[in-house]
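A.B. asks: dropping a prediction and its sequence here:
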Amino acid sequence: QENADSSTGTVQVRISDQYGRGTGFTDGTWAQPVSVGDRNGNCPEGYPVVNTNENGTVAVVWGDCPNGGTGPWDLKLALSYDHGTNWSTWNISHINGIQMYPFVSISEDNVVALAFYGLDFDDGDLEGDYVVGEEWFLYAAALREPQEGDLWDFTIADPEPLHIVTEYEAAEGDVHALHDFFETVISPDGTWMGIAYQQNIGLHPFEDNEEQRYIKFVRGNLSV
C-alpha cells in the first residue's frame with residue numbers, strides 16, 4: 001500500500017508468518033510495515049499490487065507519476081526471494097508515457113510476469129503528450145528469477161488500441177478511461193500467461209464522458 005495520501009512518500013508491505021490469520025479489526029499477526037520503494041508522485045489512478053508464491057518470492061509493482069497525472073509515469077518493481085526479508089527495487093519503465101494499473105504474477109519456479117495499460121507519447125506524429133488521439137495499449141513481459149537492474153522486454157499483447165484519448169479527457173487531464181478490472185495469471189505448468197483486461201467500444205448511452213467496455217482475455221506462450 002501507499003504509506004499516505006500524499007504528493008510523495010513510500011510503498012510499503014506488511015508480512016504475516018501466520019498467513020494473516022487472527023487479524024480482525026487489529027494488526028493481529030501482521031508485522032510492522034516495511035518500505036520497499038519511493039513514491040515521487042500521487043497518481044490519480046492505480047495502486048501498488050503485491051503477489052507471492054509458495055517458495056517465499058514476493059513482488060510489488062506500482063506506477064509512479066513524478067511529472068503529474070498526465071506527464072510521463074515511472075513503472076517500479078520491488079522483489080524479495082526470502083519471504084519479504086530483503087528487497088531489491090528498480091525502475092522498469094518501458095515507454096515515455098503513462099504506465100497504469102500494473103499487475104504481477106509469480107509461478108512456483110519464479111517466473112515473474114507483468115502487464116500494464118500503457119500510453120506511449122512517442123509512438124505517433126501527434127504534437128504534445130496527453131492529447132486527443134493518443135492510444136492506450138496492453139503491454140506484457142516475463143522473466144525467470146529477475147534480478148535488480150534486469151531489463152523487461154515488454155511487448156504489446158493486443159494490437160488493437162484499448163482506448164483513444166477524447167477531447168474531454170485531454171482538456172480535463174482525465175486518465176480514468178481504463179478501469180482497474182485487470183489481472184494476470186500464469187498457467188500451472190508455467191508455459192503460458194493469461195491477462196484479463198478491458199477495451200472501450202464507444203460512449204456509454206447514459207453516463208456522461210464514460211465508455212462502454214468489453215472484458216477481454218489474451219493468452220501468450222512464455223519462453224523464459
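C.D. replies: On my side now, so go ahead.

A.B. asks: can you show me the strands along the protein?
C.D. replies: Assigned strands in the chain, in chain order: 9-13, 34-39, 49-52, 58-64, 74-80, 88-91, 97-106, 111-120, 135-144, 155-164, 183-186, 192-203, 211-221 (criterion: DSSP state E).

A.B. asks: quick one: pLDDT of the spatially most central residue of the chain?
C.D. replies: Residue closest to the mean C-alpha point of the chain, counted by C-alpha atoms, centre = their mean, is Pro102 at 0.8 Å. Looking at Pro102, its pLDDT is 96.

A.B. asks: just to check, it is in contact with Trp62?
C.D. replies: Yes. Counting by C-beta atoms under 8 Å, Pro102 does reach Trp62; the two are 6.6 Å apart. From N, CA and C alone the C-beta is placed, and that goes for glycine too.

A.B. asks: joint contacts of these two?
C.D. replies: Here Pro102 and Trp62 have 46, 49, 75 as joint contacts, going by C-beta atoms under 8 Å, 6 or more residues apart in numbering.

A.B. asks: highest neighbour count among those residues?
C.D. replies: Neighbour tally across the shared contacts of Pro102 and Trp62 (other C-beta atoms under 10 Å): the maximum, 23 neighbours, falls on Leu75.

A.B. asks: how about that residue: what's its closest non-neighbour residue?
C.D. replies: Gln99 (4.2 Å; C-beta to C-beta, 6 or more residues apart in numbering).

A.B. asks: that older thread, save the strands of the chain as JSON lines, and put in distance to Val175 too.
C.D. replies: JSON lines is the format used below for the strands of the chain (distance: least, C-beta to C-beta, whole Å):
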{"stretch": "strand 9-13", "distance to Val175": "20"}
{"stretch": "strand 34-39", "distance to Val175": "17"}
{"stretch": "strand 49-52", "distance to Val175": "18"}
{"stretch": "strand 58-64", "distance to Val175": "10"}
{"stretch": "strand 74-80", "distance to Val175": "15"}
{"stretch": "strand 88-91", "distance to Val175": "20"}
{"stretch": "strand 97-106", "distance to Val175": "6"}
{"stretch": "strand 111-120", "distance to Val175": "8"}
{"stretch": "strand 135-144", "distance to Val175": "9"}
{"stretch": "strand 155-164", "distance to Val175": "10"}
{"stretch": "strand 183-186", "distance to Val175": "20"}
{"stretch": "strand 192-203", "distance to Val175": "13"}
{"stretch": "strand 211-221", "distance to Val175": "13"}
